[in-house]
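K.L.:
Here's my sequence, what's the structure:
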Amino acid sequence: MFYVSATVPRSAGDGKSAFNFANAIQNLGFKTTLLTLNKNRILHSKETIEDIDIVRIPYFNQTVFQKIYSRFIALPYFISNILKHDLVIIYGSVMSHRLLIILAKLFGKKIIFRSTLINYDDFNFLLNVNYISKIYRKFVYTRINGYFAINPSFSNIYIEFFGQNRMIFKSAQGVDINLFNDINLNNKKNLKNRLRISPDKTIIISIGMLIQRKGYREIFETLQSLNQDFQYLIIGHFEDTEDYFSKDIQAEMTELYNLGKEKLGDKICFLGPKENIAEYLQCADIFLHNSNQEGTPNVLLEAMACGIPSVVRSLDGIDNYIVKNGVDGFIFKNEFEMILQINDLISNSELRSKIGVNAQKYIQENFDINIVARKFVNQFIYNILEE
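P.N.:
A predicted model of the protein is given here:
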């Protein structure tokens, strides 16, 4: 059983990651279920998507009372689903996950925890609480049987608190290279025509919800000074048509949308969430990622798998693990370096091709999701179940 805050059809990165990994695990002969939250009961309580069973816990968070009530509602969902599974995999600091750990342990089940964001649910952050809370939390987290570290920073922090003798699986989750791959120039031209993307302009693309954490403000201000003929595409939520997100998030999206239009005019295109992300990546020339807080972003792996040169902000978990600067992508530390790298790539088609080929090769050799899932099962799950 995977427990995650949101999953498909929601476009949240962790939710898609959990769904894709559950699918890869299920293809290896394991029956998987996704247990997730159903904010304001917008979605079905139960459904099956691509043979993956999804169970959604009703969740309300407008008031303190609703938040407490939601935790009581979750209890029977936890128990009933724990009893049906041998292994519980928790994706990050999702609601009442510590209660889920305790319950799973009481029923004799195995538990794996996977952090999602540095400075959000790594153990340095989770244990940065008062003395009493730290004792309780450390007691709970020592009950887990294994830790899924999606980059070296997570594993180093985990070892710092819990020692070397814990079971750790160290790998980015991976990407479906059968879906995310490059296409030839003729197919790219036809795809651009179908998606109504300019055939003559340099296509720069970012993927991620329009929020401050993703660094869009700096991107808009930087691209405004780019003296090139380009089109900038953003895939991800830029408005809240269902009143799903918090008021603060809604305000961020509105502010950034207006700023993007003000700075870039008709050079920017807000596409909203898309199911066919691979096709948009295959049409792009440069992938731009300026997030100031990440784990290991799957969108970066997907872009690299499509043979696109990436320009990425320097972050733990990316530098020299996913991207090696100047080899299979570019890493910038400030907006001045960002604009230089984008200019170099736009001006030099041979450089774009070289970086893109190296990026694709690196992902295919190291982060094919089916290979990662097989290692996860053979080197990690079986050892945990046999403990």
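
K.L.:
which helix of this structure spans the most residues?
P.N.:
If each helix of the chain is counted by residues according to DSSP state H, the longest one is helix 64-83.

K.L.:
Return the set of buried residues in the helix or strand that that one is followed by.
P.N.:
The helix or strand immediately downstream of helix 64-83 is strand 87-91, counting by DSSP states H and E. Using 16 or more other C-beta atoms under 10 Å as the test for burial, strand 87-91 gives Leu87, Val88, Ile89, Ile90, Tyr91. The C-beta positions use only the backbone N, C-alpha and C, and glycine is treated the same way.

K.L.:
what's the closest residue to the last one other than its chain neighbours sitting at in phi/psi?
P.N.:
Nearest residue to Tyr91, sequence neighbours excluded (C-beta to C-beta, 6 or more residues apart in numbering): Val4, at 4.1 Å. Note on Val4: its backbone torsions stand at phi -150, psi 150 [degrees, to the nearest 10].

K.L.:
Next, count neighbours for Val4.
P.N.:
27 (other C-beta atoms under 10 Å).

K.L.:
measure it to Ile355 for me?
P.N.:
Between Val4 and Ile355 the distance is 33 Å, computed by C-beta to C-beta, to the nearest Å.

K.L.:
cool, and Thr36?
P.N.:
37 Å.

K.L.:
Kindly report the same for Asp200.
P.N.:
Applying C-beta to C-beta, the value for Asp200 to Ile355 is 22 Å.

K.L.:
So those two - more neighbours on which side?
P.N.:
The neighbour comparison of Asp200 against Ile355 (other C-beta under 10 Å) goes to Ile355, with 26 against 7.

K.L.:
my guess is the more buried one is in a strand, correct?
P.N.:
No - read with DSSP: H, G, I helix; E, B strand; the rest coil, Ile355 is helix and lies in no strand.

K.L.:
hmm, back to that, can you pull the contacts of the residue nearest to Tyr91?
P.N.:
Asp14, Gly15, Ala18, Leu34, Leu35, Thr36, Tyr91, Gly92, Val94 (C-beta atoms under 8 Å, 6 or more residues apart in numbering).

K.L.:
okay, and for the chain, where does confidence drop off?
P.N.:
11 (pLDDT under 70).

K.L.:
quick one: the strands in it?
P.N.:
2-3, 33-39, 46-49, 52-59, 87-91, 110-114, 146-149, 168-170, 202-207, 230-235, 268-272, 286-289, 310-313, 330-332 (DSSP state E).

K.L.:
quick one, which of the ones you listed is packed in tightest?
P.N.:
Per residue and on average, the most neighbours among the strands of the chain fall to strand 2-3, with a mean of 28 (mean count of other C-beta atoms under 10 Å).

K.L.:
what about the nearest residue to Asn193 once chain neighbours are set aside, how many residues close to it?
P.N.:
Using C-beta to C-beta, 6+ apart and skipping the chain neighbours, the partner closest in space to Asn193 is Pro199 (6.9 Å). By other C-beta under 10 Å, the residues close to Pro199 number 11.

K.L.:
how near is Pro199 to Asn190?
P.N.:
Counting by C-beta to C-beta - Pro199 and Asn190 are separated by 10 Å.

K.L.:
Over to Phe154?
P.N.:
From Phe154 to Asn190 the distance is 41 Å (C-beta to C-beta).

K.L.:
and which of the buried residues of strand 87-91 is nearest Ala24?
P.N.:
Ile89 (12.5 Å; C-beta to C-beta).

K.L.:
thought that closest one was touching Ile112?
P.N.:
Yes - using C-beta atoms under 8 Å, Ile89 makes contact with Ile112 at a distance of 4.6 Å.

K.L.:
Give me the common contacts of those two.
P.N.:
Both Ile89 and Ile112 are in contact with Phe148, where contact means C-beta under 8 Å, 6+ apart.

K.L.:
Helices of the stretch 101-250 of the chain, residue ranges please.
P.N.:
Applying DSSP state H, counting those that start in this stretch to the stretch 101-250 of the chain gives helices spanning 123-126, 131-141, 152-162, 185-195, 216-223, 247-264.

K.L.:
Would you mind listing the buried residues in the shortest one?
P.N.:
If you call a residue buried by 16+ other C-beta under 10 Å, then helix 123-126 has these buried ones: Phe123, Asn124, Leu126.

K.L.:
of all those, which comes closest to Asn378?
P.N.:
The nearest member of the buried residues of helix 123-126 to Asn378, counting by C-beta to C-beta, is Phe123 at 26.0 Å.

K.L.:
quick one, what contacts the closest one?
P.N.:
Phe123 is in contact with Ser115, Tyr141, Ile157, Tyr158, Glu160, Phe161, Phe162, counting by C-beta under 8 Å, 6+ apart.

K.L.:
Confirm for me that Ile111 is in contact with Val140.
P.N.:
No - counting by C-beta under 8 Å, Val140 is not a contact partner of Ile111; they are 10.0 Å apart.

K.L.:
So for the two, which residues contact both of them?
P.N.:
With C-beta under 8 Å, 6+ apart as the test, Ile111 and Val140 both reach Ile101.

K.L.:
ok, now which ones touch the residue nearest to Ile79 when sequence neighbours are not counted?
P.N.:
Nearest residue to Ile79 in three dimensions, chain neighbours excluded: Leu103, at 6.3 Å (C-beta to C-beta, 6+ apart). Going by C-beta under 8 Å, 6+ apart, Leu103 touches Phe78, Ile79, Ile82.

K.L.:
Out of the residues you listed, which is nearest to Asp243?
P.N.:
Asp243 lies nearest to Phe78 out of the contacts of Leu103, by C-beta to C-beta, at 27.1 Å.

K.L.:
My guess is the closest one contacts Leu99. True?
P.N.:
Yes - applying C-beta under 8 Å, one finds Phe78 in contact with Leu99, separated by 6.9 Å.

K.L.:
quick one: which of these two has more around it?
P.N.:
Taking neighbours as other C-beta under 10 Å, Phe78 and Leu99 compare with Phe78 leading, 22 against 14.

K.L.:
got a list of what the more buried one touches?
P.N.:
Phe78 neighbours (C-beta under 8 Å, 6+ apart): Leu35, Ser96, Leu99, Leu100, Leu103.
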